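Student: I need the structure of the sequence given here:
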Amino acid sequence: MAARIEHLVTSGTFSLDGGTWDVDNNVWIVGDDTEAIVIDAAHDAQAIARAVGGRTLRAVVCTHAHNDHIDAAPELAALTGAPVLLHPDDLPLWKQTHPDKAPDAELTDGQSIAVAGVELTVLHTPGHAPGAVCLYAPSLAALFSGDTLFAGGPGATGRSYSHFPTIIESIRDRLLKLPGDTVVHTGHGETTTVAAEAPHLQDWMDRGF
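Tutor: Numbering: from 1, shown residues only. Purely as a prediction, here's the structure:
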């Protein structure tokens, strides 16, 4: 059975620097009929577990540790037995949400995660958060960008632990060099492609997006 990409939207809140906002998050499931990984366990562990169904969950991969992307990760791990993976540079953010529960393993740049015959490569893309990562699956022509790149621009950099020049460097040097037909599956909102976003890089830089 060929690997496929499944999409679930969950709703909750994002909190940082004393503010709280209502958000809808994209949860991505990559796998086949027997095994899968979850990218960003947001808000509703029970709903995500139902979407995984009877498959073996190999990992809960966190693209970064803002609370809206990790709030359901420990519960989903407890329900499924899957390890939670996070880049260590985001541990300070993780501890704001889960002070008494650490991730199970670290993500590293260039690491390969295998599921259902697909290899996903971890790309460290700091800027939105210090430990932000994207996952690139060339056999699926897919990039899972978390909050690093959206349809229409880079992720927000106006709050703690973020830095605009760094996210621009990450996007320019790591993401926009991928094939243009790569579909970008984002942390919020609609998908896009590398080709659709690449022409706007200079405009983002000029505007300080």
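Student: isn't Leu201 right up against Ile168?
Tutor: Yes. Between Leu201 and Ile168 there is a contact at 7.5 Å, judged by Cβ atoms under 8 Å. Just so you know, the C-beta spots here come from the backbone N, C-alpha and C atoms, and that holds for glycine as well.
Student: now the helices for this protein?
Tutor: For the chain, applying DSSP state H gives helices covering 45-52, 67-70, 73-80, 91-97, 164-170, 194-197, 201-207.
Student: Low-confidence stretches in the chain?
Tutor: Scanning the chain for pLDDT under 70 picks out the ranges 1, 209.
Student: What distance do you get for Glu119 to Ile113?
Tutor: Using Cβ to Cβ, to the nearest Å, we find Glu119 at a distance of 7 Å from Ile113.
Student: Looking at the two, which has the bigger crowd around it?
Tutor: Each of Glu119 and Ile113 has its neighbours counted (other Cβ atoms under 10 Å); Ile113 has more, 19 against 13.
Student: Now the more buried one: closest residue in space, sequence neighbours ignored.
Tutor: Nearest residue to Ile113 in three dimensions, chain neighbours excluded: Leu120, at 4.6 Å (Cβ to Cβ, 6 or more residues apart in numbering).
Student: Let me see the contact set for the one you found.
Tutor: Leu120 is in contact with 30, 37, 112-114, 135-137, 144, counting by Cβ atoms under 8 Å, 6 or more residues apart in numbering.
Student: List buried members of those residues by neighbour count.
Tutor: Using 16 or more other Cβ atoms under 10 Å as the burial test, the contacts of Leu120 include 30, 37, 113, 135-137, 144 as buried.
Student: Out of those residues, which two sit at the greatest distance?
Tutor: Distance extremes for those: the farthest pair is Ile37 and Tyr136 at 13.7 Å, using Cβ to Cβ.
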